[in-house]
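K.L.:
pasting a predicted model and its sequence here:
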Number of protein chains: 2
Amino acid sequence: MTAEIVTIGDELLDGTVANGNAERLGAVLRSLGVRVVRATTVPDEPAAIEGALRAALESADVVVTTGGLGATADDRTKQVAARVLGRKLVLDEDVLARVRAHFESRGLVMPEVNVAQAMVPEGARPIENASGTAPGLALDADGALLFLFPGVPSEMEAMVSNYLVPFLEGRGARRRIEERTLRTTGVPETAIAEIVVPLSRKLARIDVQYLPSLLGVDLRITGRGESAADASKAADRASDMLADALAPFVYARGRESLEEIVGYLLTMNGKTLAVAESCTAGALGARITEVPGSSDYFRGGVVAYSDDLKRRLLGVRAGTLRKHGAVSAEVALEMAKGARDRGRTDCGIGITGIAGPGGGSPEKPVGLVYVAVACGRKAAVREHRFPGARSAVREQAVQAALELTRRALLGIEGEE
Amino acid sequence: MTAEIVTIGDELLDGTVANGNAERLGAVLRSLGVRVVRATTVPDEPAAIEGALRAALESADVVVTTGGLGATADDRTKQVAARVLGRKLVLDEDVLARVRAHFESRGLVMPEVNVAQAMVPEGARPIENASGTAPGLALDADGALLFLFPGVPSEMEAMVSNYLVPFLEGRGARRRIEERTLRTTGVPETAIAEIVVPLSRKLARIDVQYLPSLLGVDLRITGRGESAADASKAADRASDMLADALAPFVYARGRESLEEIVGYLLTMNGKTLAVAESCTAGALGARITEVPGSSDYFRGGVVAYSDDLKRRLLGVRAGTLRKHGAVSAEVALEMAKGARDRGRTDCGIGITGIAGPGGGSPEKPVGLVYVAVACGRKAAVREHRFPGARSAVREQAVQAALELTRRALLGIEGEE
């Protein structure tokens, strides 16, 4: 089965809005084994919409459009579709009742202009819009299937999940691919590839994609099969093998974030956490508390941008600062211990570094960061040299601190 | 002048990668007054590329493609373009020398496969690629102009700025629109529209767009004219009028962030800052220090998720916590003063609230946040009820705290 996507709207062509609808439709169709052969974006002009619709219906089994279903003069998709298919627009009483009810439920009288939303090409099947007034429409078009969806992403997505996917499955589209994710951090893509490439040659019906970001490399493992169960089996087998091979670097199997994993380990071990941040200035605390319920294990901490606050609020010794400098393994360790002691928690994390753009020197360049963790009587500290600009250095520092904490909680880092 | 964009790549059709190239090209062409009449995305298949190229060259004056210029078998754009234009591929010695030099500068010998990158359609003008090996190409095509750019965004963008824009300007495209931005926060879009709509009716050659986000509403004011100077004049006049009308809500004219404005006001007034955060847990400190050089005025602060830390590290009184609860105007004020006093700074900011999803009650629901600022002997506190999920509540809380601080520094908030 092949598909074509036609997205409609001036704002998609002049750089005002990213075309997220085309991207999301592409992903859904791919997951159903439907190949997208073209995606076209046209302005809100009947001639342009007509040209795109005719070309699409000629070349694909399924055509999906988004946009141009509102009640204003700009919204021409239905009229054009009716013309292309040689049908009349007729009033759909059910749709009219629903549009009217939408207004009445808000204590409003439906404006006359909205009657236009109940006009549909003859033979069209309306698709309910749970959150807006414009219904979607499904049409048979000489063997091809045409779906008209609204341009508002949340409305379109609801119709895709509730209508398009079951409909295509009913027509024989099958979920023949299954995906698994392995999340790694602290190891470069090339090193991962050296492990993954020889292994994946031995695996049938598997694709492995590398999705690198500042925070690490995610592996997207796609299993294919004649059925969803087949595909799952292939994906699971590959995921297990690769997770074993990459073991210490894999922090999550699935979509969990590193802060969720750290929160999970703290909860399992009944431990509490506090932080001491210099160059990240609160970003670590903010990440940790993105997890709902993190107040069960996170107590708080200190943002110590100045040496003065490092001493007064964390108990970092003046001698340590003088001898090693604020950006040093020794200060990171004293910060982690200070967070633990002043926070009266089981574990403390410390981060100190030079995020740039200023403040670097030949011995201590921009990007130099020390992260430390102290849990009970054990502690660990790591030196990093992160590439990139200020925000990139900070994000990588937070990630490295969380990863060191994960390893400390697992007992694979830390000495007395 | 009209343009068509053809983006090439399987990964753009299956939801793997967002089509940022089409969006960025659209924005650049719009700024030059070039109307984009269609954008098409096709897979890495010669027949699909050929169809899209032929259709585009028929309908637009300028056709820009991205993708398919690499050295591998997937990369077919040049071959297809040569076929569509009825030209041969010939070896360009200059390009070959540059590709070879690219490898040699890294101490590598050029692989033979890369010779393919020096093959260009007859009559094509190569466009230098500063960071990769694949050159871009410019071709005359029966009155239309065809530009082939690489798919790597940074390489494409460099060619657009260094080559495409000057080239189109040389062909008569003129920057006939100019944009100005007004950034507001703390006032809903509808209230802004009530002020803007009647005013903008009086302004000629002006469009006003509302760009709402969690952090506020940006107004994008577009001025049009026969020349860039004309357009600037229209845009400036509108920007001045609207900024006056919206005065206390406008925090920036231009692209500056609220944390940059607060940093600027602190620097101008020679004042220093510390923070005390509960529900935002460091996100305020992280925002403030996104500004390079913020260590000149920012000292640090305390993340006090627990009541215990609010008392011990910030000096919030046990009686205040008992009487009013941790989420109260009184505690926010004591946190701001505690940050100021413990940080030994001129100003302190306090945030306490319920970010959710748990922790709410009928009297103190999820989304209730108090922000306070204390500068010297003056202080101010505000109650907010933010909609949305945990991360949305936190982002809005940080923004509201920065806005209150901006107003306090301007003397329009705060009492002794």
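P.N.:
That came in fine, so what should we check first?

K.L.:
can stretch A:190-207 be said to contact chain B?
P.N.:
No: in terms of CB under 8 Å from any CB of the partner chain, no part of stretch A:190-207 sits within range of chain B; the closest distance is 11.0 Å. All C-beta atoms are positioned from the backbone trio N, CA, C, and that covers glycine.

K.L.:
and stretch A:164-180, by the same measure?
P.N.:
No: for stretch A:164-180, no contact with chain B is found by CB under 8 Å from any CB; the gap never falls below 10.4 Å.

K.L.:
only C-alpha atoms, please: export that stretch in CSV.
P.N.:
Provided in CSV are the C-alpha atoms of stretch A:164-180 (Å, rounded to 0.1, in the frame of the first residue of the first chain):
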residue,chain,number,x,y,z
LEU,A,164,-7.3,6.3,10.1
VAL,A,165,-5.2,3.5,11.8
PRO,A,166,-8.2,1.2,12.5
PHE,A,167,-9.5,1.9,9.0
LEU,A,168,-6.3,1.0,7.3
GLU,A,169,-5.9,-2.1,9.4
GLY,A,170,-9.4,-3.1,8.3
ARG,A,171,-8.1,-2.7,4.7
GLY,A,172,-5.3,-5.1,5.3
ALA,A,173,-2.5,-2.8,6.5
ARG,A,174,-0.7,-4.5,9.4
ARG,A,175,1.7,-3.4,11.9
ARG,A,176,4.7,-5.3,10.5
ILE,A,177,7.4,-3.4,12.3
GLU,A,178,8.1,-3.1,15.9
GLU,A,179,10.6,-0.8,17.5
ARG,A,180,12.7,-1.0,20.6
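
K.L.:
if we look at that stretch, which residues are touching it?
P.N.:
Applying CB atoms under 8 Å, 6 or more residues apart in numbering or on different chains, the external contacts of stretch A:164-180 come out as A:1, A:28, A:30-34, A:62, A:64, A:138, A:145, A:147, A:220-228, A:230-232, A:234-236, A:238-239, A:253-254.

K.L.:
centre of the chain to that stretch, how far?
P.N.:
Relative to its chain's centre, stretch A:164-180 lies at 22 Å (CA atoms, centre = their mean, to the nearest Å).

K.L.:
check the closest residue to A:Ser232 other than its chain neighbours and give its pLDDT.
P.N.:
The spatially closest residue to A:Ser232, leaving aside those adjacent along the chain, is A:Glu178, at 4.6 Å (CB to CB, 6 or more residues apart in numbering or on different chains). Per-residue confidence (pLDDT) for A:Glu178: 88.

K.L.:
any idea what A:Glu178 is bridged to?
P.N.:
On the basis of DSSP bridges, A:Glu178 takes part in beta bridges with A:Gly223.

K.L.:
hang on, A:Val109 in a strand?
P.N.:
No: membership of A:Val109 in a strand is not supported by DSSP: H, G, I helix; E, B strand; the rest coil, which gives coil.

K.L.:
how about the residues of the stretch 1-150 of chain A near chain B?
P.N.:
Within the stretch 1-150 of chain A, the positions adjacent to chain B are A:12-20, A:22-30, A:36-43, A:48, A:52, A:55 by CB under 8 Å from any CB.

K.L.:
and the residue of the stretch 101-250 of chain A that's closest to chain B?
P.N.:
Using CB to the nearest CB, A:Gln209 is the residue of the stretch 101-250 of chain A that sits closest to chain B, at 7.5 Å.

K.L.:
so where do the helices sit in the stretch 301-416 of chain A?
P.N.:
Read by DSSP state H, counting those that start in this stretch, the stretch 301-416 of chain A holds these helices, from start to end of the chain: A:307-314, A:318-324, A:329-342, A:390-409.

K.L.:
what does the stretch 301-416 of chain A have sitting close to chain B?
P.N.:
Applying CB under 8 Å from any CB, we find that the stretch 301-416 of chain A lies next to chain B at A:301-306, A:308-309, A:312-313, A:342-344, A:355-359, A:390-391, A:394.

K.L.:
go with 10 Å
P.N.:
By CB under 10 Å from any CB of the partner chain, the residues of the stretch 301-416 of chain A that approach chain B are A:301-306, A:308-310, A:312-314, A:339, A:342-345, A:355-359, A:389-391, A:394, A:398.

K.L.:
need the buried ones from those residues selected in ChimeraX.
P.N.:
To isolate in ChimeraX the members of those that are buried, counting by 16 or more other CB atoms under 10 Å in any protein chain shown, one can use:
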select /A:301,302,303,304,305,306,309,310,312,313,314,339,342,343,345,355,356,359,390,391,394,398
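
K.L.:
who's in contact with stretch A:78-85?
P.N.:
Here stretch A:78-85 makes contact (CB atoms under 10 Å, 6 or more residues apart in numbering or on different chains) with A:8, A:45-54, A:56-57, A:63, A:65, A:68-69, A:76, A:87-90, A:116-117, A:119-124, A:134, A:137, A:139-142, A:146, A:148.

K.L.:
re the thing from before, quick one, which of the residues of the stretch 1-150 of chain A next to chain B are buried?
P.N.:
Buried among these by 16+ other CB under 10 Å: A:12-20, A:22-26, A:28-30, A:36-43, A:48, A:52, A:55.

K.L.:
so who does the residue of chain A positioned farthest from its centre touch?
P.N.:
Relative to the centre of chain A, and counting by CA atoms, centre = their mean, the farthest-placed residue is A:Gly319 at 45.1 Å. The neighbours of A:Gly319, taking CB under 10 Å, 6+ apart as the test, are A:Glu330.

K.L.:
distance of it from A:Ile5?
P.N.:
When CB to CB, to the nearest Å is the yardstick, A:Gly319 and A:Ile5 sit 65 Å from each other.

K.L.:
how about the residues of the stretch 151-300 of chain A that lie near chain B?
P.N.:
So far as CB under 10 Å from any CB goes, the stretch 151-300 of chain A lies against chain B at A:209, A:211, A:220, A:272-300.

K.L.:
now with 8 Å?
P.N.:
When proximity is defined by CB under 8 Å from any CB, the stretch 151-300 of chain A lies next to chain B at A:209, A:274-275, A:277, A:280-286, A:288-290, A:292-293, A:295, A:298-300.

K.L.:
A:Ala138: what secondary structure?
P.N.:
Classification of A:Ala138 by three-state DSSP places it in strand.

K.L.:
what's the closest non-adjacent residue to it?
P.N.:
A:Arg125 (4.5 Å).

K.L.:
what's the burial count for that neighbour?
P.N.:
Here the number of neighbours of A:Arg125 (other CB atoms under 10 Å in any protein chain shown) works out to 15.

K.L.:
OK, contacts around it?
P.N.:
Counting by CB under 8 Å, 6+ apart, the residues that A:Arg125 touches are A:Leu137, A:Ala138, A:Leu139.

K.L.:
just the buried subset of the residues you listed, please.
P.N.:
A:Leu137, A:Ala138, A:Leu139.

K.L.:
adding pLDDT, write the residues you listed out as a markdown table.
P.N.:
Below are the buried ones among the contacts of A:Arg125 laid out as a markdown table (pLDDT from 0 to 100):
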| residue | pLDDT |
| --- | --- |
| A:Leu137 | 96 |
| A:Ala138 | 96 |
| A:Leu139 | 96 |
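
K.L.:
list just the nearest of these to B:Lys364.
P.N.:
Using CB to CB, A:Leu137 is the member of those that sits closest to B:Lys364, with 45.8 Å.

K.L.:
isn't the closest one right up against A:Pro126?
P.N.:
Yes: counting by CB atoms under 8 Å, A:Leu137 sits close enough to A:Pro126 to count as a contact (6.1 Å).

K.L.:
any common contacting residues for the two?
P.N.:
With contacts defined as CB under 8 Å, 6+ apart, the residues shared by A:Leu137 and A:Pro126 are A:Val120.

K.L.:
re earlier: now flag whichever of the contacts of A:Arg125 is closest to B:Ser161.
P.N.:
A:Leu137 (42.5 Å).

K.L.:
dump the residue contacts of the closest one.
P.N.:
Residues in contact with A:Leu137 (CB under 8 Å, 6+ apart) are A:Leu69, A:Lys78, A:Ala81, A:Val120, A:Pro121, A:Ala124, A:Arg125, A:Pro126, A:Ile127, A:Phe147, A:Leu148.
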